[in-house]
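Trainee: Make a model of this:
(2 chains)
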Amino acid sequence: MRGLALTLLTALLVVASATPALAQYRIGMSAAITGPASSTYAPTYEAYKAYFKRINDAGGINGQKVEIAYEDDRGEPQRAAANAKKLAEGSILMVNASTSATYKPFMTESETEKVPLLFGGGVCPREAFPPASPLIFCSTSFGSKWDSRFALGFIKEQAGGKKVKVGFAAQDIPLSRIELEFAEQLAKEMGLEAIPVVVVPGNTPDFTPFAQKLKDAGADWVLSWALWHVEVGVFEALQRIGWQGNYLLYGHQQTQDELARLKAGNLYAFGGNTLFLENLPIHSEINNVKGQTTHPAHYMAEGWVSAMVLEASLRKCGWPCPKDKLATAMAGVSVDTRGLRGGAIEWTADNHYRKSTYYKVYRWDPTKNAIAPVGGWTRLEIK
Amino acid sequence: MTQVLATTVVVASLYALLAAGYVLVYRATRVLNLAQGDMMTLGGYFLFLLASAVPGQPALSVVTAAALSALAGFLIYRLLMRPMAGHPIFAAVLVTVTLGILLRAAIVLVYTDRIRHPLPLLGLANPPRRLPGGAVVSTFDLLTVGVAAGLFVALFVFLRLSPLGIQMRAAQRGIDFQLLFALSWALAGFAGALAGILYANNVRLDPSLGVLGLKAFAVALVGGLDSLGGVIPGALIVAAVEVLSVRYSDPLLADVSPFLCLLAMLLIRPWGLFGTKEELERV
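Mentor: Model (predicted):
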């Protein structure tokens, strides 16, 4: 009898302790929190932490807390593979905010375990674009091929009908090279004169030889799509050797600080996120997380948008929210980014990137002695 | 061509500063200090720390950062390397590998991975300078060349003329080993810090700068691991191959060119240009 009572008591305790753990949205996130690429991805991890702390403090979503298990993959595929296995178990969604080298193991695990996978911070994989893979979603502002389409259109527009020679500064990582090789080809199709892509090793001690190559080839414009230190390293070297052309780069989180540091009127940064200097109400809201993060608030935009999308997806999913129901909910979500982006992020059954993507360009305006947008938002329809 | 030449000398100077650290430690202690690149990064962060604490005081910040780095080198010897005495050299080398990892992790913990630029905090600018022949370099490029030249002259004078330096050169014959070993580590920390301080102001500062130390390691081996004089031609050869490969071949070769130089040297003259044959056997 005593044995039976003990067994029942133990069973009750197990059930009691297990129930609260199950009654919440369980998400797994793998990010390059440390490692060489972490300056790009760690702010996304911090934004998620701050965003969902706020959500949980306010009572959660649909009455349930959001529990996120965070794992550091350092941008390395081996660590990512271990993280994917760990996170797929018991999570209703996996989030990847890391380098493209970590994508494969996550996509494999997502497919095997039928767990939806959200890329929030790293470049969007082709599986998110139409026709999208049912489980792959992406909220990141930058997307391969579309960025080059916009960038070359911008250069052509700025050239105002003049024949211009465009150079390309890529980094020695596959994604950057593939993107700019695509851009080189596209530039030719658009009637621009294209100089062959110059590939720059990320840890070069001096960017001057690469800059010299671009200058000697006669580039009027240079487009760079790489990690920030390479994009800016080539620009600074070009500037030093007296190059007089214009430089267009993808604006990562550092853009606002760096445009102000360099104060160069010929440096243009394009991207999908509004800079915080525009002082929108949402920017003030993000500024309130100061003290909870090691990165400045204006580095959080990318992660904040991704967290907004996740919140909207969980709300739409309701409760209970198993992984298949969540994937269905995500495939119909529409999120007002409140000015952080040029428009809403809308996913459909076959488009998990967004129906429209928006770009804005900023530069240092010497006449205003301040950073200023170059025109408004440009919308591209994703088909 | 003058630009290629100027860039080669600048890159060689940076490598020479780093490689001097490898040679100084190796000559005195026979240990390959694989944390030299991270000691460079540490020097850069000391500068950033001081420039943030007392903005607009470049002389104070630079001198204190270099002194702190020398102290760090001294402490590394006293706390980590000295207890390794009597153990195989291989174990000591592994300690330096671990030290490098720990330094990087500590920097990330304190400063995150964000790219930093101490130059504005120091209240300095880095304008371009036109050289005779038309080449253009930055002010800090020129400083890098000047500082490297100054350091090597000072080291040669110190090692050949000062009593302590003469003892360092003759370390195998005895006298105060502990002091000389500690001094070698302190000098390696100092040389690494000079490279870090100059690079942080000229290009950027982030925790991953230590990878440049690997290229400088190739420089030290090409010149001869026990030859301070060999560092200069070693650095010039490696830098020239790197810069020329960008200019006239595939830019991607730039990253591997120091190791191609190393491989070629190992095949032709394994003890390096000015190294001694018996030292290679020790390695």
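Trainee: so A:Tyr70 is in which element?
Mentor: For A:Tyr70, the enclosing helix or strand under DSSP states H and E is strand A:65-72.
Trainee: I'd like the next helix or strand past that strand.
Mentor: Taking DSSP H and E as the definition, the helix or strand that follows strand A:65-72 towards the C-terminus is helix A:77-88.
Trainee: and stretch A:244-263, how far apart are its ends?
Mentor: Its start and end residues considered, stretch A:244-263 measures 15 Å (C-alpha to C-alpha, to the nearest Å).
Trainee: Validate this expectation: A:Val361 resides in a strand.
Mentor: Yes: when the secondary structure is assigned by DSSP: H, G, I helix; E, B strand; the rest coil, A:Val361 falls within a strand.
Trainee: Who are the packing partners of the strand or helix carrying B:Val23?
Mentor: Per DSSP H and E: B:Val23 is located in helix B:2-29. In terms of contact count using 3 or more C-beta pairs under 8 Å, 6 or more residues apart in numbering or on different chains; DSSP states H and E, helix B:2-29 is assigned the packing partners helix A:208-216, helix B:36-53, strand B:136-138, helix B:139-161, helix B:163-169, helix B:177-202, helix B:212-223, helix B:228-248. Quick note: C-beta positions are derived from backbone N, CA and C, even for glycine.
Trainee: Same list (the ones you listed) but as TSV, adding mean pLDDT, mean neighbour count and distance to A:Gly271.
Mentor: Conversion of those to TSV gives the following (pLDDT from 0 to 100; neighbours: other C-beta atoms under 10 Å in any protein chain shown; distance: least, C-beta to C-beta, whole Å):
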stretch	mean pLDDT	mean neighbour count	distance to A:Gly271
helix A:208-216	94	23	22
helix B:36-53	96	26	27
strand B:136-138	92	22	28
helix B:139-161	93	17	30
helix B:163-169	75	15	54
helix B:177-202	93	25	27
helix B:212-223	93	27	29
helix B:228-248	93	23	29
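Trainee: so which of those comes closest to A:His283?
Mentor: A:His283 lies closest to helix B:36-53 among these, at 25.2 Å (C-beta to C-beta).
Trainee: okay, now the closest residue to chain A within the stretch 1-150 of chain B: neighbour count?
Mentor: Distance from chain A to each residue of the stretch 1-150 of chain B (C-beta to the nearest C-beta) is smallest for B:Asp113, at 4.0 Å. Close neighbours of B:Asp113, defined as other C-beta atoms under 10 Å in any protein chain shown, add up to 24.
Trainee: same thing with A:Ile27?
Mentor: 22.
Trainee: Which pLDDT value belongs to it?
Mentor: If you check A:Ile27, the pLDDT there is 97.
Trainee: phi, psi of it?
Mentor: Dihedral pair for A:Ile27: phi -120, psi 150, per degrees, to the nearest 10.
Trainee: list the helices and strands the one helix or strand B:Leu263 maps to packs on?
Mentor: Under the criterion of DSSP H and E, B:Leu263 resides in helix B:253-268. In this structure, helix B:253-268 makes packing contacts with helix B:212-223, helix B:228-248, judged by 3+ C-beta pairs under 8 Å, 6+ apart.
Trainee: In TSV: these, plus distance to chain A.
Mentor: As requested, those are arranged in TSV below (distance: least, C-beta to the nearest C-beta, whole Å):
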stretch	distance to chain A
helix B:212-223	6
helix B:228-248	4
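Trainee: residues from chain B in reach of chain A?
Mentor: Applying C-beta under 8 Å from any C-beta of the partner chain, one finds that chain B approaches chain A through B:3-4, B:7, B:10-11, B:14-15, B:105, B:108, B:112-115, B:117, B:120, B:128, B:136-138, B:199, B:203-204, B:206, B:208, B:211-212, B:215, B:243, B:246-247, B:250-252, B:254-255.
Trainee: Separate out the buried members of these.
Mentor: With neighbours counted using 16 or more other C-beta atoms under 10 Å in any protein chain shown, the residues of chain B next to chain A contain these buried positions: B:3-4, B:7, B:10-11, B:14-15, B:108, B:112-115, B:117, B:136-138, B:199, B:203-204, B:206, B:208, B:212, B:215, B:243, B:246-247, B:251-252, B:254-255.
Trainee: What's the separation between the nearest residue to A:Lys360 once chain neighbours are set aside and chain B?
Mentor: Across the structure, with C-beta to C-beta, 6 or more residues apart in numbering or on different chains as the measure, the residue nearest A:Lys360 apart from its sequence neighbours is A:Trp377 (5.3 Å). A:Trp377 sits 28 Å away from chain B when distances are taken as C-beta to the nearest C-beta, to the nearest Å.
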